[in-house]
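J.: 3D model of this:
(one chain, ligands or ions: 2)
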Amino acid sequence: MPDEIVVIEGDGIGREVVPAAVEVLESLDVEFEFVAADAGDATKEATGEALPAETYERVADADATLFGAAGETAADVILPLREAVDSFVNVRPAKAFPGVDALRPETDVVFLRENTEGVYSGHEDRLSEDLSTLTRVVTSSASRELAEYACEFVDDGRGPAGDPDEGFTVAHKANVMRETDGRFREEVLDVAAERGVDADEELMDAFATKLPLDPSQYGVIVCPNLAGDVLSDLAAGLVGGLGLLPSANVGHDNALFEPVHGTAPDIAGKGIANPTAAILSAAMLLEYLGHVEEGQRVRDAVEGVLSDGPRTGDLGGSATTDEVTAAVVDRV
Ligand code: NAI
Ligand code: MG
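T.: Ligands and ions are numbered 1, 2, ... in the order given. Predicted coordinates:
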């Protein structure tokens, strides 16, 4: 049976870049069963719910999901969807491409961000007129699970260097948050030692300075939830734009792939959105489902188009989404 892929376009340019990514997937010699599902602002307007139960169940039952973006309802859509695929790690590569104006063209890093706890665990309260609190949750089990994933990722040569000896860097603030990040750090380093993976560490604030100054020092970076969110956005700034960056929310036997960008209301509906991030998200989906060679072909095609054109407006070109997609399909 072909793998079942749930396709959620969502709002804004999600409706433009997700069909582009599906077109690229359809141009390959891999059979998928695509199932369309709805979520986002328009769905809320039509049905009263940003994320209908039917969509949640479809995603939970699928082999993988490709998601575009949701507008104001983004948090109501994406947080439950990450839960639907039981995602414990958010994978966010940030790579500068030839032909794209980047602040730091030597950047080639992959963030592996803890995706379930930390300060995003949802335990937040308004206790009085003056006081709000947040409980930061860190478990040994989630920290170790992330570390196991990082070790496998590195061992499989999936890090930017492709060399397992490069190991990974863990970024944390265990000198201040001794109990929570202390536990995270200890468990991650412990798993790395057990698995014989080389792991070094950085305090996350110092890391935020060192990364932009010299990204070539880093490859795979393992982070707690909030740190990974912020630091991977910082890395996005180094490589030249939101239209280029894919991401994966990986669970135990399910995963959701999405461009990092939102609905881009300023350009939505004009057919000029850059489909690269969505197409690279589809390449991650291919690799996740075991179609490693096809994933690489898509990546190579995207790199070729970025370097030779056509390019969309965000990259200084004047091509449409369709023109860029057709050029990628041509090279695939
Ligand atoms: P955004 O990523 O939608 O746009 C930021 C800027 O980048 C805009 O100028 C936009 O035109 C440009 N941009 C983004 N993707 C592009 C692409 N593929 N091609 C060309 N240009 C691109 O972020 P913003 O403006 O902060 O948020 C807009 C809406 O998207 C909000 O309603 C927000 O809640 C939602 N959002 C949803 C996300 C999700 O569903 N995962 C993630 C981020 C934002
Ligand atoms: Mg973010």
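J.: thought V305 was touching V329?
T.: No - applying Cβ atoms under 8 Å, one finds V305 not in contact with V329, separated by 9.8 Å. Glycine gets a C-beta too; all of them are placed from N, C-alpha and C.
J.: the residue of the chain found nearest ligand 1 - how many residues pack around it?
T.: The chain approaches ligand 1 most closely through G262 (2.3 Å), counting by Cβ to the nearest ligand atom. By the criterion of other Cβ atoms under 10 Å, G262 has 18 neighbours.
J.: now it: which helix or strand?
T.: For G262, there is no host helix or strand (DSSP states H and E).
J.: how about it, nearest residue that isn't a chain neighbour?
T.: A69 (4.8 Å; Cβ to Cβ, 6 or more residues apart in numbering).
J.: can you classify S87 by secondary structure?
T.: Of the three states, S87 takes coil under DSSP: H, G, I helix; E, B strand; the rest coil.
J.: do the one 4 residues further on as well
T.: With three-state DSSP as the basis, V91 sits in strand.
J.: and it, how close does it get to M1?
T.: Look at V91 and M1: by Cβ to Cβ, to the nearest Å, they are 26 Å apart.
J.: with P215 instead?
T.: In terms of Cβ to Cβ, P215 sits 42 Å off from M1.
J.: same deal with A70?
T.: For A70, the distance to M1 - Cβ to Cβ - is 30 Å.
J.: looking at the two, which is more packed in?
T.: A70 (29 against 6).
J.: which residues touch that one?
T.: Contact analysis of A70 by Cβ atoms under 8 Å, 6 or more residues apart in numbering lists G10, D11, G14, A39, G40, D41, A50, D76, V77, I78, T263.
J.: for the last one, grab phi and psi.
T.: Spelled out, that is T263. With angles defined as degrees, to the nearest 10, T263 sits at phi -90, psi 0.
J.: count of neighbours near it?
T.: By the criterion of other Cβ under 10 Å, T263 has 22 neighbours.
J.: my guess is it meets V17, correct?
T.: No - counting by Cβ under 8 Å, T263 does not reach V17; the two are 10.1 Å apart.
J.: between the contacts of A70, which sits nearest V170?
T.: I78 (25.2 Å; Cβ to Cβ).
J.: secondary structure element for that closest one, which one?
T.: Using DSSP H and E, I78 falls in helix 74-84.
J.: show me what that helix is packed against.
T.: helix 53-61, strand 64-69, strand 255-259 (3 or more Cβ pairs under 8 Å, 6 or more residues apart in numbering; DSSP states H and E).
J.: turn these into TSV, including mean neighbour count and distance to D233.
T.: As requested, the helices and strands packed on helix 74-84 are arranged in TSV below (neighbours: other Cβ atoms under 10 Å; distance: least, Cβ to Cβ, whole Å):
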stretch	mean neighbour count	distance to D233
helix 53-61	17	25
strand 64-69	27	15
strand 255-259	26	13
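J.: need the ones you listed in JSON lines (columns: mean pLDDT).
T.: Shown next, in JSON lines, are the helices and strands packed on helix 74-84 (pLDDT from 0 to 100):
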{"stretch": "helix 53-61", "mean pLDDT": "98"}
{"stretch": "strand 64-69", "mean pLDDT": "98"}
{"stretch": "strand 255-259", "mean pLDDT": "98"}
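J.: dump those to JSON lines, plus distance to D229.
T.: Formatted as JSON lines, those follow (distance: least, Cβ to Cβ, whole Å):
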{"stretch": "helix 53-61", "distance to D229": "21"}
{"stretch": "strand 64-69", "distance to D229": "16"}
{"stretch": "strand 255-259", "distance to D229": "14"}
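J.: for F153, which of these is the nearest?
T.: Closest among the helices and strands packed on helix 74-84, using Cβ to Cβ: strand 255-259, at 13.5 Å.
J.: all strands for this structure, in order.
T.: 3-10, 32-36, 64-69, 89-95, 108-114, 124-126, 132-134, 168-172, 199-203, 220-223, 246-250, 255-259 (DSSP state E).
J.: mind checking those strands for the one nearest to S318?
T.: strand 255-259 (21.3 Å).
J.: show me the beta-bridge partners of the residue nearest the centre of the chain.
T.: Per Cα atoms, centre = their mean, the C-alpha nearest to the average position across the chain is that of S247, at 1.7 Å. Note on S247: beta-bridge partners by DSSP bridges are E258.
J.: correct me, but it touches F257?
T.: Yes - contact criterion Cβ under 8 Å: S247 and F257 qualify, at 7.2 Å.
J.: identify the contacts common to those two.
T.: Contact criterion Cβ under 8 Å, 6+ apart; residues shared by S247 and F257: S281, M284.
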